[in-house]
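> turn this into a model:
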Amino acid sequence: MRKPPRYLLGPKTLIVERKQAKLLKTWGVEGFETSDDAHGRHLAMLRRFTRRGIKFKRRKAFAECYPNGNCKDVSRCPAACHHASRRERARLIVRLNQRLRDVGDPAWLITVVRDRWRQAPGDLHHCDPASLLKWFCRRLERLPNPGLAKGIVGVDVSLNEDGDERWWQPHLHAVVAGVDKAALRKALKLKSTKSTVRPLVIIEIKRTDIGTTIGYALKRSVEKRVGYLDEEGERDQRTVRVPARFLVEHDRWLLGQKVTKRFRVIRMRLSRAPLVDETSIRPLRKRPLRRIRRRS
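Predicted coordinates:
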């Protein structure tokens with residue numbers, strides 16, 4: 001059972017949360033990450049950096065981040081910031097939902113995995129999201145009518161483990177509408193390998209699930225997937241908790257890129273206006289402890 005939010009940032013956060021939740025609910029998205037959840041993950045990330053002595057520019061300002069923070073433009077924030085990632089994800093869910101529903105054709109969730117994208121532990125900084133996004137957009141140009149394809153594509157990584165082998169595996173997750181499935185499969189045709197039997201997966205999305213699927217494609221979290229043999233002797237994967245040292249490497253990778261560089265909107269222009277007014281959110285002031293005078 002999900003725990004109720006604590007709202008460490010004050011009662012005004014609750015008012016903003018209700019406005020945003022009501023807006024997201026109209027597009028079929030419920031149980032969206034709260035500002036309180038993002039704040040807890042943000043502080044946990046900073047504690048991991050501190051334990052390992054990791055220093056970076058604007059650390060002080062980054063440590064004081066809260067939902068509104070001092071950010072005048074969220075697009076300038078690093079992708080590692082949980083607050084900026086949450087706000088950008090919510091904005092895209094609302095802005096894209098209506099546009100994709102108006103297309104009138106089936107919407108598809110596309111997942112692409114390639115062996116050549118994998119990186120060894122310690123080398124995740126070599127993964128360039130921009131090059132992966134360009135690869136996907138170039139493949140869409142192979143469509144008979146590429147101008148009809150509309151949607152969004154995002155990049156994330158998972159920590160994979162199979163026996164004694166461990167590696168970072170980048171993924172492309174896209175939500176695309178306006179194109180036939182057969183045409184998509186032909187444009188994105190990939191050969192299967194021993195380690196990646198299904199390098200391309202295309203699943204139809206219900207109209208009511210578009211918002212939730214966009215949130216999945218742009219998720220900020222990272223997973224560890226362990227390969228094993230099931231009862232029938234076939235390869236399968238299970239998801240387990242990511243060790244702290246690998247979480248640090250993943251978050252440092254996100255520190256080196258802007259929050260808007262992990263995704264690309266396909267053939268649409270979206271307004272950057274905020275969904276709700278978050279300027280009223282302020283962190284709670286810590287009351288100084290009063291010294292108790294001992295009576296002699």
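
> partner residues bridging I110?
When bridges are called by DSSP bridges, I110 pairs up with A174, I202.

> what about W167, which SS state?
strand (DSSP: H, G, I helix; E, B strand; the rest coil).

> do the same with L172
At L172, secondary structure determined by three-state DSSP is strand.

> quick one: contacts for it?
The contact partners of L172, by Cβ atoms under 8 Å, 6 or more residues apart in numbering, come to I110, T111, V112, V113, L132, L133, F136, V153, G154, V155. For glycine as for every other residue, the C-beta is placed from the backbone atoms N, C-alpha and C.

> hang on, the fourth one packs against T196?
If I follow you right, that is V113. Yes: under the contact definition of Cβ atoms under 8 Å, V113 touches T196, with a separation of 5.4 Å.

> who has more neighbours out of these two?
Legend: neighbour count by other Cβ atoms under 10 Å for V113 and T196, higher for V113 (21 against 16).

> spit out the contact partners of the more buried one.
Listed by Cβ under 8 Å, 6+ apart, the contact partners of V113 are Q169, P170, H171, L172, T196, R198, P199.

> can you flag the buried ones in the residues you listed?
The neighbour-count criterion (16 or more other Cβ atoms under 10 Å) marks Q169, P170, H171, L172, T196, P199 among the contacts of V113 as buried.

> got the phi and psi for E204?
The phi/psi pair for E204 (degrees, to the nearest 10) reads phi -70, psi 140.

> now the helices for the protein?
For the chain, helices defined by DSSP state H occupy the ranges 11-25, 35-51, 59-63, 82-103, 129-140, 181-187, 210-217, 244-255.

> report the two of the contacts of V113 separated the most.
When these are compared pair by pair using Cβ to Cβ, the farthest-apart members prove to be P170 and R198, with a separation of 15.8 Å.

> and the lowest-mean-pLDDT helix or strand in the chain, how far out from the chain middle?
For the chain, using mean pLDDT, DSSP states H and E, the weakest element among its helices and strands is helix 59-63, scoring a mean of 79. In this view, helix 59-63 has its centroid 21 Å away from the chain centroid, taken as Cα atoms, centre = their mean, to the nearest Å.

> same deal with stretch 128-141?
Here stretch 128-141 shows a centroid-to-chain-centroid distance of 18 Å under the convention Cα atoms, centre = their mean.

> with only the CA atoms kept, save it in PDB.
C-alpha atoms of stretch 128-141 as PDB (Å, rounded to 0.1, in the frame of the first residue of the first chain):
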ATOM      1  CA  ASP A 128      25.600  10.200 -25.700                       C
ATOM      2  CA  PRO A 129      21.800  10.500 -25.700                       C
ATOM      3  CA  ALA A 130      22.000  13.000 -28.700                       C
ATOM      4  CA  SER A 131      23.500  10.400 -31.000                       C
ATOM      5  CA  LEU A 132      20.900   7.800 -30.000                       C
ATOM      6  CA  LEU A 133      18.000  10.300 -30.600                       C
ATOM      7  CA  LYS A 134      19.500  11.200 -34.000                       C
ATOM      8  CA  TRP A 135      19.700   7.500 -35.000                       C
ATOM      9  CA  PHE A 136      16.000   7.100 -34.200                       C
ATOM     10  CA  CYS A 137      14.900  10.200 -36.100                       C
ATOM     11  CA  ARG A 138      17.000   9.200 -39.100                       C
ATOM     12  CA  ARG A 139      15.200   5.800 -39.100                       C
ATOM     13  CA  LEU A 140      11.900   7.600 -39.100                       C
ATOM     14  CA  GLU A 141      12.900   9.300 -42.300                       C
END
